[in-house]
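Asker: just coords:
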């Protein structure tokens, strides 16, 4: 009898533990938006992660539903989730290996070796043991699956190892714009430093004047003085008003109420949410949500903090929540502060720490001191949050905005060549510099010690020198 009773107790305990475990799993997997920020439920999700997440997605690994849109999603739903975040980027890059290439019946046999119709053929999460740089899970020589005859077709490639295809300055599966032959030839003779070295400048006033959506009736793009502020007495502190007067907001006619008043009720809001920034800066706000700093918010999680980063960060900034005001300030919204000081206030990796002693930093200090033209300095943001062109076809107008998605010019770094490097440098120098890992770590203090022969190959091919 005692044995039977003990057996029943054990069974009941096992059933209870199973029920609790199932409930915990269900709660963790089916949490509603922002529920992953609840500490207990967040721990549940962490416990059930099938493996470490790549550096591209680790910030949103607790928002499982971002990728797994259904509980038992099939390949099509996973593909839709990938394209939901990355589709626009691939289209803008003129993707060299789009889906249409592999759904073409003439290429059907290639799919037997590599199912390139699915992002997850190369990008598999939670499998760190087979994941290499850029979250790629295929071996380095996967290009040979389709391009095994390239050495015969192009004598310049004879003898090259297939593991070098994706080396810096060579080919990239999706974005190969830096290696188009016509592009290489067009810039083959460019010097290391161009005669004119000016980065694109924002054109907010011109843009606001053209777009009918800008509330020019309330903010007529005319400078405002101290007496013209519209803050209530209790909010109009000397510090707040003086800080506002020195900003681009006051110079552009943007009064306090533009951020602090509810658009529907006109009620005063003491601490506006970051969504208020997107009212005027929609392009910047949208790209912020796509980048490392803002992607958690887009996934329904709390804001990013440096403590969650995988790069070395300053301990003092570890728990700083990142939003627009973190870098730009709560009232001054300083672009200059955000361009360097805000970055170095968090980042402590070798590349960042080397910035202050770099030639780029010297150019930036000269611009800030008004000893050099506006746009001639090189800040952290110049390279990692560059100006990007945006077209408004319905108004036959284009403008520049600050691209807040850092991924747009990273991984691979050659994505930086067109929008950044070539504002100041020739193509050959840029290719060599980005291929020199040690030079990158020193924040480009010095000359490249490696050479990428891509331009040489293109020139020899054009001249019919028998190398192709």
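Answerer: Everything's here; your move. The shown structure was predicted, so the numbers you read here are calculated from the model rather than taken from an experiment. Numbering: from 1, shown residues only.
Asker: ok, which stretches of this structure are strands?
Answerer: In the chain, the strands defined using DSSP state E lie at 387-392, 397-402.
Asker: strands paired with the last one, and their directions?
Answerer: Yep, that's strand 397-402 we're talking about. Paired strands of strand 397-402, with direction, are strand 387-392 (antiparallel) (DSSP bridges).
Asker: buried residues in the strand it pairs with?
Answerer: For strand 387-392, the neighbour count (16 or more other CB atoms under 10 Å) marks 387-388 as buried. Where you see a C-beta, it was placed from the backbone N, CA and C, and this is true even at glycine.
Asker: now do stretch 218-229
Answerer: Residues of stretch 218-229 classed as buried by neighbour count (16+ other CB under 10 Å): 219, 224, 229.
Asker: so among those, where is pLDDT lowest?
Answerer: In terms of pLDDT, the lowest of those is residue 219, showing 77.
Asker: OK, contacts around that one?
Answerer: Applying CB atoms under 8 Å, 6 or more residues apart in numbering, one finds that residue 219 lies in contact with 252-255, 258.
Asker: would TSV of the buried residues of stretch 218-229 with distance to residue 130 be doable?
Answerer: Converted to TSV, the buried residues of stretch 218-229 look like this (distance: CB to CB, whole Å):
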residue	distance to residue 130
219	54
224	58
229	59
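Asker: including neighbour count, could the contacts of residue 219 go into TSV?
Answerer: Formatted as TSV, the contacts of residue 219 follow (neighbours: other CB atoms under 10 Å):
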residue	neighbour count
252	18
253	18
254	21
255	18
258	19
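Asker: looking at those, spot the one nearest residue 434.
Answerer: Distance to residue 434, by CB to CB, is smallest for residue 252 among these, at 36.7 Å.
Asker: how far away is the closest one from residue 336?
Answerer: In this structure, residue 252 and residue 336 are 17 Å apart, going by CB to CB, to the nearest Å.
Asker: again, but for residue 436
Answerer: For residue 436, the distance to residue 336 (CB to CB) stands at 29 Å.
Asker: the more surrounded of those two?
Answerer: Neighbours per residue, other CB atoms under 10 Å: of residue 436 and residue 336, the larger number sits with residue 436, 20 against 15.
Asker: surely that one is in contact with residue 452?
Answerer: No. Contact between residue 436 and residue 452 fails when scored by CB atoms under 8 Å: they sit 9.5 Å apart.
Asker: tell me the buried residues in stretch 281-292?
Answerer: For stretch 281-292, burial by neighbour count (16+ other CB under 10 Å) applies to 281, 283-285, 287-292.
Asker: contacts for it?
Answerer: Here stretch 281-292 has contacts from 59, 85, 274-275, 277-278, 294-295, 297-298, 304, 309, 324, 388, 390, 401-408, using CB under 8 Å, 6+ apart.
Asker: and residue 172, how many residues sit next to it?
Answerer: Considering only other CB under 10 Å, residue 172 is surrounded by 21 other residues.
Asker: the closest residue to it other than its chain neighbours: neighbour count?
Answerer: Nearest residue to residue 172, sequence neighbours excluded (CB to CB, 6 or more residues apart in numbering): residue 412, at 5.4 Å. By other CB under 10 Å, 22 other residues sit near residue 412.
Asker: ok, residue 412 - contacts?
Answerer: Counting by CB under 8 Å, 6+ apart, residue 412 has contacts 134, 166, 168, 172, 175.
Asker: which ones are touching the spatially closest residue to the first one that is not a sequence neighbour?
Answerer: Take residue 134 and drop its neighbours on the chain: the residue closest to it by CB to CB, 6+ apart is residue 411, 4.9 Å away. Under the criterion of CB under 8 Å, 6+ apart, the contact partners of residue 411 comprise 56, 133-134.
Asker: against residue 416, how distant is residue 61?
Answerer: 27 Å.
Asker: got a markdown table for the contacts of residue 411, with neighbour count and pLDDT too?
Answerer: Converted to a markdown table, the contacts of residue 411 look like this (neighbours: other CB atoms under 10 Å; pLDDT from 0 to 100):
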| residue | neighbour count | pLDDT |
| --- | --- | --- |
| 56 | 16 | 87 |
| 133 | 11 | 78 |
| 134 | 16 | 79 |
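Asker: can you list those in CSV and add distance to residue 105?
Answerer: As requested, those are arranged in CSV below (distance: CB to CB, whole Å):
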residue, distance to residue 105
56, 33
133, 33
134, 30
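Asker: of all the buried residues of stretch 281-292, which two lie farthest apart?
Answerer: Longest distance between any two of the buried residues of stretch 281-292 is 18.5 Å, between 281 and 292; criterion CB to CB.
Asker: pLDDT value on the residue nearest to residue 165 when sequence neighbours are not counted, please?
Answerer: Nearest residue to residue 165, sequence neighbours excluded (CB to CB, 6+ apart): residue 143, at 4.3 Å. Per-residue confidence (pLDDT) for residue 143: 86.
Asker: low-confidence stretches in the stretch 1-150 of the chain?
Answerer: The stretch 1-150 of the chain contains residues with pLDDT under 70 at 1-39, 72-73.
Asker: show me the helices in it, by range?
Answerer: Taking DSSP state H, counting those that start in this stretch, the helices of the stretch 1-150 of the chain run over residues 2-29, 39-47, 75-92, 99-103, 150-153.
Asker: contact partners for the residue nearest to residue 80 when sequence neighbours are not counted?
Answerer: Spatial nearest neighbour of residue 80, chain neighbours left out: residue 69 (7.1 Å); criterion: CB to CB, 6+ apart. Contacts for residue 69 (CB under 8 Å, 6+ apart) come out as 77, 80-81.
Asker: again, 10 Å this time
Answerer: Residues in contact with residue 69 (CB atoms under 10 Å, 6 or more residues apart in numbering) are 77-78, 80-81, 84.
Asker: and if you look at residue 353?
Answerer: Contacts of residue 353 (CB under 10 Å, 6+ apart): 312, 344, 347, 441, 443.
Asker: still on that earlier bit, does the residue nearest to residue 165 touch residue 166 like I think?
Answerer: Yes. Using CB atoms under 10 Å, residue 143 is in contact with residue 166, at 7.5 Å.
Asker: biggest separation within the contacts of residue 412, which pair?
Answerer: Across the contacts of residue 412 (CB to CB), the longest gap, 13.3 Å, separates 168 and 175.
Asker: quick check: neighbours shared by these two?
Answerer: Residues touching both residue 168 and residue 175 (CB under 10 Å, 6+ apart) are 412, 414.
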